[in-house]
Structures are given as C-alpha cells and as structure tokens.
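> From the sequence below, what's the structure:
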Amino acid sequence: MAVGGKPHGKRRAAHVSSPTMEIRLLGPFEVTDEHGAALALGGRKPRALLARLALEPNRTVSVERLVDDLWGDEVPESATKMIHIHVSALRKVLPPDTLQTRKPGYALAVDPDAIDLTRFERLRESGRFHEALKLWRGAALSEFPEPFAAPEAAHLEERHRVCLEQRIDADLAANRHSDLVGELEALSARHPLRERLRGQLMLALYRCGRQADALASYRAFRTALDEQLGLDPSPRIRELEARILRQDPALDGRPKAEARRGMEPIRYVDSVGGHSIAYQVIGDGPLDLVFVHGWVCTFQAAWEWPALASFYNRLAKLGRLILFDKRGTGLSDRVNGIASLEERIDDMSAVMNAVGSTKAALLGVSEGGPMSTLFAATHPERTQALITMGSYPRRNWAPDYPIGRRTEHDGWLRPSADQWGEYAARRFLTERAPSIADDEEAVRWYASYLVRGASPGAVAQITDMNEEIDVRHVLGTVRVPALVLYREDEYMREPSRYMGARLPRAKVVGLPGPDHLPWEGAQEDVLGEIERFLGELHTEPEPEVVLTTILEADPADARDEIARFRGVLLPSNSGRVRASFDGPARAIRCAAALGVRAGVHTGECELHDGVLSGPALDTAAAVARAAAPGEVLVTSTVHDLVAGAGIHFSERGIVTGPSREWRTYAATT
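Numbers count the residues shown, from 1 in each chain. Below is the predicted model:
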C-alpha cells in the first residue's frame with residue numbers, strides 16, 4: 001500500500017520511497033515493511049506517539065496536543081524535548097518523509113489505505129462487513145496507558161460493535177437466523193444492555209419458531225435496564241415486542257411481507273401545542289429515512305396508488321422508512337391558522353423520538369425540502385444526510401430571486417369548495433405529473449388523494465405559508481452531505497439548481513423527464529440516485545458548527561421565560577441576558593415576554609465542549625444595542641425563517657455586525 005499523503009494547506013505531499021508499509025491499529029499496534037516484517041519502533045513512548053498520529057493520518061497534530069495526549073496532567077519539564085527526540089528516532093525507522101514537521105507540530109503522511117482502520121471504515125461503508133471484521137486482531141491500543149489511549153480505544157471498540165451489528169442485520173436479511181442464534185445469545189450475555197443486539201436476538205429467535213424465548217429475552221433486557229440504569233426500553237424495541245406478540249407476518253423475513261406493507265400500524269405522537277401527528281414505520285435496518293411529503297400529500301392513502309406504493313417499498317429496503325403527515329394535513333391534527341416551519345420541525349423531532357431514531361437521512365419532496373433543510377441546519381446532530389427532490393429554498397418571485405413562481409399562477413391553490421376535487425387534480429397533474437395528466441384513472445385517484453390530504457380552507461392557508469418560506473440564508477450553513485434531485489423539464493428545476501449550488505456539500509443531479517413528483521415517470525432513476533448516495537455516506541465526527549438563534553436582551557429576570565420557550569441561557573460579558581434557541585419564533589416570543597430591549601439573530605456558531613462562540617453572538621448584541629427600549633429587533637435572516645408563525649414585522653433600518661450589514665425589523669407577536 002502506498003505511503004505518502006496530502007498535507008494540509010497548499011503544500012504538495014513529499015515523495016515517499018516505500019510503497020507497501022502497513023500500520024495496524026486494530027489489535028496489537030505494529031508497523032510492517034513491504035515484506036510484512038515488523039519495524040522496530042523502540043520503546044513504549046515512541047510507539048504511543050506514532051499510534052496517536054496514525055489515528056489522524058495526514059493531519060497536523062500540535063506538539064502541545066501530543067504532550068497532553070502522552071502525559072496528561074503529569075507533564076515532565078522535558079516533555080517537548082522528548083517529543084522531538086522520539087520523532088527523530090522514528091524517522092530513522094520509517095520511510096523517508098513519512099513523519100513530517102508541520103507547524104505547530106507533526107503529521108504522519110501516508111496513503112490512508114496503509115492504515116487498517118481506514119480500510120475497515122471503507123469496507124464497512126460499502127457493506128462488506130465480513131471483510132471489515134476480519135481486520136480486527138484483538139483489542140485496540142490496549143498496550144498503551146497514555147491518556148489518549150483509553151477514550152480512543154473505547155471509540156474504536158464501538159465502531160467494531162456497530163460493524164458487527166450491521167453484519168448481523170445483513171445476515172438476518174438473508175434469512176440466516178438459524179445460524180445466528182448462538183452467536184447472538186453469547187453477544188447479548190457479554191453486552192446485556194445493548195439494545196440493537198437484543199432486538200436482533202429477539203428477531204432471530206422468533207424466526208426460528210421460538211416466540212416464547214424471544215419474549216423472555218425482551219423481559220430479561222427490560223429488567224436489566226431497570227435494575228442497572230433505571231430506564232425503560234426504547235419505543236423501537238417495545239414495538240418489536242408488540243409485533244412478536246401479535247405474530248406480525250412482516251417479521252418472518254419472507255418476500256411476501258412486502259405485499260403487506262402499508263398495513264403496518266398507524267400511530268400518533270403528541271407534539272408541541274398538543275397536536276397529534278400521525279406516523280407509520282415501514283421496513284427495518286441500520287439506516288433511518290424520514291420522508292417529508294410536499295404540499296397536502298398524505299402517506300396512508302398513498303399506499304393505494306401503485307407508483308407511490310412501489311416508491312415507498314423501494315425506500316424501505318434501504319432501512320427504516322418513517323412516514324408522517326405534517327400538521328394540518330392527512331391524518332394529523334388540523335390547526336387554526338397556519339402551521340409554521342418551526343412547528344413542523346418540532347413535529348418531525350417528535351416522530352423521530354417516538355420511533356427511537358436518534359439520527360436519520362431526510363428526504364424532502366417539493367415543499368418538504370425547505371423544511372428538511374432547516375431541520376438539517378438546526379439539528380445537524382440528528383441528520384445523517386439531506387435529500388431534496390424537486391424542491392426550492394424560496395417558492396415565490398422576488399427582485400433578488402427572479403426564478404421564483406409568480407403568484408398569478410396560484411389561483412387553483414386557493415380553491416373554492418366545488419374546485420377542490422377533479423378540477424384541482426387536473427391542474428395538479430398538468431403542472432406536477434404531466435406524463436399522466438391525460439390518464440382519467442390517475443385524475444380520479446389524485447382527486448380523492450388531494451381531498452383526503454386537506455380541506456379547501458386548509459389548502460389556502462398552506463399556500464399562504466408556502467409563499468412566505470425563504471430558507472436561502474440557511475443553505476450555506478448545512479454541513480451534512482446533500483443530494484439535490486430534479487427533473488430537467490419540471491417546473492421547479494431552476495430553484496432546485498439554485499439550492500444545489502448553495503448547499504456546501506451537495507451533489508446535484510438533473511434527471512430526464514417533465515414530472516415534478518418523483519414517483520411518477522421514471523422513478524427508477526430517482527431511486528437509483530438515492531441508493532447510490534446513501535450507499536456512499538461516510539461516518540464523520542459530529543459537526544462543530546451549528547445554526548442557532550441568539551437572543552440578546554437588556555438585564556431582566558429571564559431564567560424562567562427562557563426555559564418556558566425551550567431556550568438555553570448562555571454566559572455573557574456584556575451585562576445583558578444572552579440565550580440560544582432552536583427556533584427563531586420561540587426566541588422572538590421569549591423576547592416579547594421579557595418586555596425589554598432585545599435583539600434576535602439566527603446564524604452559525606462554533607460549538608466546543610458545549611460552549612457557543614462566533615460572530616452570530618456579536619451580531620445579536622449589535623442588533624440589541626440598536627433596538628429601542630422595549631423593542632424586539634430582528635435581522636432579515638430571522639424575518640425570513642418564521643413563515644407561518646403569526647409574527648408581524650416593521651422594517652427599521654441597517655445594523656452593522658462584525659462582518660456585514662444587516663437589514664432589521666421590529667417584531668410584534
């Protein structure tokens with residue numbers, strides 16, 4: 001395997017003479033030459049130094065960090081000198097230019113594939129779990145008492161366990177349950193509180209005809225959780241127990257189960273404001289996919305239409321498909337007025353919590369795209385990837401957004417009672433699925449589908465909210481991988497391209513055809529792109545940059561109000577109150593409740609050890625200083641993100657922040 005790597009910055013990687021050195025972290029630490037012979041690396045400290053650098057190949061690690069990682073709190077006066085000595089000794093053993101000096105420290109310049117850990121991750125991500133697991137030769141880093149070793153070893157062991165569980169999932173999908181029971185019983189005995197292993201054991205036992213044993217295993221798990229941690233099992237494994245109790249045919253693993261999809265139970269979860277949100281979970285697997293429909297589409301009726309049912313079934317093969325109806329549509333509660341993006345994001349979080357999903361890929365269609373984008377920006381820790389299909393950041397035309405839709409084309413989106421049915425369906429299909437617009441069966445079914453999605457009055461209110469949506473300012477803050485799909489002849493192609501060009505990590509794909517609805521027309525093209533994209537996802541550290549809303553206000557007794565609006569009180573050196581919120585509308589309402597001069601801004605903040613920093617805090621402070629007594633002043637970003645929240649604005653003027661000028665508005669609730 002080639003040694004040599006690409007350093008940070010603009011420097012070129014140095015030439016490396018040995019092409020086959022291998023570094024092994026997944027077991028006893030060793031470095032071998034091109035003949036497989038172990039290199040003599042010296043004593044424990046230089047070995048520990050090299051192992052530490054190998055955990056971050058081709059990245060500069062400062063001398064200060066190396067000292068902390070190798071000695072912790074007991075640092076000898078000669079620590080820095082010893083680092084230099086160890087580096088010098090290692091350079092005599094390693095190929096030339098492998099261990100490079102880069103201010104303020106050192107970097108191990110190697111081909112990443114020279115390290116077994118990198119190969120392990122690549123194999124795991126491509127689904128080659130058996131091959132990945134063969135790279136493990138024992139406990140990683142166990143020979144090192146240095147401070148860095150224990151937490152890194154725990155992290156590596158967790159990755160090993162996840163890969164093992166993924167391999168077991170693959171074996172279960174291949175109906176190898178009989179071969180797995182013994183292994184799973186041993187693993188569950190070693191890791192009695194590991195929920196995923198327990199669920200796999202329950203499923204394997206059930207498929208082997210041992211229903212009583214599967215239920216007994218669940219009871220043992222529940223007892224262990226209660227006695228050792230004082231916790232209840234998650235909704236996900238409780239649901240598995242319920243399905244075993246009722247002998248759900250979908251658990252048997254046979255192909256015929258797919259024909260019964262759509263019959264899985266429809267459940268409800270209480271969301272913010274006491275509204276009940278309907279949801280359904282289809283399929284199983286390590287990946288969670290939250291599907292966010294556009295406009296008034298509803299998931300239950302969709303199972304009746306072959307194209308939509310086929311689309312759902314294919315997605316469910318990739319993992320757990322989580323379907324839900326946005327508040328105001330389908331089976332979810334109706335609302336008075338307009339449901340805001342912020343409230344709908346709360347609904348998505350509530351559904352994910354209900355099904356035990358800590359992190360998911362989001363698939364947003366049309367209007368579901370901006371909602372999913374805002375979720376990904378404000379909740380990156382819960383977002384594995386973002387996929388938008390025929391979507392947009394802003395729907396309507398504006399002077400700085402000439403590609404938006406003109407409102408004169410929206411008459412049918414505010415239908416009268418007699419228009420809401422066949423007339424609306426014909427307009428809907430002509431615009432969004434022209435390939436079937438002349439199919440009378442399609443017209444009849446979509447007429448029924450739309451009517452079940454919302455009432456005429458609700459449609460008009462949803463259209464009003466859509467006209468206010470503008471997440472353009474958010475696009476650049478989305479840090480997760482993104483896939484932007486559109487059809488090259490559909491009516492939302494230009495907004496989709498705009499969106500894709502501004503999402504930092506987006507892959508943009510234009511597919512042939514005129515249909516806006518991804519399940520109509522050549523759905524195979526859409527699904528193929530989604531499968532490839534999700535199959536190429538890489539596991540990365542949690543993002544250290546988050547989008548959040550900052551409130552800065554004059555001194556007040558604010559603790560109770562901040563907690564009431566789900567804010568987090570932040571330290572401040574200015575003498576004013578400072579807090580962060582996961583939604584701008586909540587920040588505005590909190591500021592209004594305080595009744596003092598306040599500034600609100602939504603922007604990126606760096607997150608280090610739970611502490612927020614960055615220019616967004618300074619911008620909120622500048623806006624607060626510009627506000628009149630008792631006034632809540634917000635930036636244009638906040639103004640654009642509270643569509644449907646019932647907040648009124650009056651334009652005020654320009655405020656200069658740390659890096660740019662901001663248009664501001666006075667907000668009233």
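
> and the nearest residue to residue 392 once chain neighbours are set aside, what is it in contact with?
Take residue 392 and drop its neighbours on the chain: the residue closest to it by Cβ to Cβ, 6 or more residues apart in numbering is residue 495, 3.4 Å away. C-beta coordinates here come from the backbone N, C-alpha and C atoms, glycine included. Contact analysis of residue 495 by Cβ atoms under 8 Å, 6 or more residues apart in numbering lists 391-395, 403-404.

> Out of these, the closest to residue 100 would be?
residue 393 (42.5 Å; Cβ to Cβ).

> How many residues are close by that closest one?
Residue 393 has 25 neighbours, counted by other Cβ atoms under 10 Å.

> ditto for the one 3 residues further on
Residue 396 has 16 neighbouring residues, counting by other Cβ under 10 Å.

> So for residue 5, what's the pLDDT?
On the pLDDT scale, residue 5 is placed at 37.

> if we can go back for a sec, out of the contacts of residue 495, which end up buried?
Buried members of the contacts of residue 495, scored by 16 or more other Cβ atoms under 10 Å, are 391-395, 404.

> Just give me the closest of the residues you listed to residue 604.
Using Cβ to Cβ, these come closest to residue 604 at residue 393, 16.7 Å.

> residues contacting the closest one?
369-370, 373, 470-472, 474-475, 495, 498-499, 502.

> Just the ones in helices from those, please.
369-370, 373, 495, 498-499, 502 (DSSP state H).

> Please parse this protein into its domains.
22-134, 175-249, 265-533, 545-668 (automatic domain parsing).

> Backbone dihedrals for residue 286, both of them.
phi -70, psi -20 (degrees, to the nearest 10).

> ok, it - contacts?
165-166, 169, 319.

> Relative to residue 217, which of the residues you listed is nearest.
residue 165 (15.9 Å).

> That closest one is in contact with residue 199, isn't it?
No: Residue 165 is beyond contact range of residue 199, at 9.5 Å (criterion: Cβ atoms under 8 Å).

> what pLDDT does residue 538 get?
66.

> rewinding a little: who's more crowded, residue 165 and residue 199?
Comparing residue 165 with residue 199 by other Cβ under 10 Å, the one with more neighbours is residue 199, at 26 against 18.

> buried stuff in the longest helix seen in the chain?
For the chain, the helix with the greatest residue count under DSSP H is helix 149-173. Neighbour counts using 16+ other Cβ under 10 Å place 149, 152-153, 156, 159-160, 163-172 of helix 149-173 among the buried residues.

> ok, now stretch 507-525?
507-511, 513-521, 523, 525.

> Out of the residues you listed, which sit inside strands?
507-511 (DSSP state E).

> which residues does residue 642 contact?
340-342, 584-585, 588.

> Try it again at 6 Å.
By Cβ atoms under 6 Å, 6 or more residues apart in numbering, residue 642 lies in contact with 584-585.

> And it, what's its pLDDT?
85.

> Burial check on residue 398, number of neighbours?
11.

> Hmm, I typed the wrong one, I wanted residue 193.
Residue 193: 13 neighbours (other Cβ under 10 Å).

> Let's have the ones in strands among the buried residues of stretch 507-525 in JSON lines, adding distance to residue 90.
Formatted as JSON lines, these follow (distance: Cβ to Cβ, whole Å):
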{"residue": "507", "distance to residue 90": "40"}
{"residue": "508", "distance to residue 90": "44"}
{"residue": "509", "distance to residue 90": "46"}
{"residue": "510", "distance to residue 90": "50"}
{"residue": "511", "distance to residue 90": "52"}
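
> Can you tell me which of those lies closest to residue 534?
Using Cβ to Cβ, these come closest to residue 534 at residue 507, 11.5 Å.

> who's in contact with the longest helix of the chain?
With Cβ under 6 Å, 6+ apart, helix 149-173 has contacts from 124, 129, 132-133, 136, 140-141, 180, 196, 200, 286.

> 8 Å - rerun?
Helix 149-173 is contacted from outside by 25-26, 48, 51, 55, 117, 120-121, 124, 127, 129-130, 132-133, 136, 139-142, 177, 179-180, 183-184, 187, 191, 194, 196-197, 200, 203-204, 207, 253, 284-286, 539, using Cβ under 8 Å, 6+ apart.

> List only those of these flagged as buried.
Judged by 16+ other Cβ under 10 Å, buried ones among the contacts of helix 149-173: 25-26, 48, 51, 55, 117, 120-121, 124, 129, 132-133, 136, 140-141, 177, 180, 183-184, 187, 196-197, 200, 203-204, 207, 253, 284-285.

> Narrow these to those in helices?
Using DSSP H, those in helices are 48, 51, 117, 120-121, 124, 129, 132-133, 177, 180, 183-184, 187, 196-197, 200, 203-204, 207.

> Show me where the stretch 201-350 of the chain has its strands.
Using DSSP state E, counting those that start in this stretch, the strands of the stretch 201-350 of the chain run over residues 267-270, 276-282, 288-292, 320-324.

> is it possible to export these to CSV including distance to residue 445 and mean neighbour count?
Below are these laid out as CSV (distance: least, Cβ to Cβ, whole Å; neighbours: other Cβ atoms under 10 Å):
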stretch, distance to residue 445, mean neighbour count
strand 267-270, 26, 16
strand 276-282, 20, 23
strand 288-292, 20, 26
strand 320-324, 19, 27
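
> List just the nearest of the buried residues of stretch 507-525 to residue 21.
For those, the minimum distance to residue 21 (Cβ to Cβ) is 33.8 Å, reached by residue 507.
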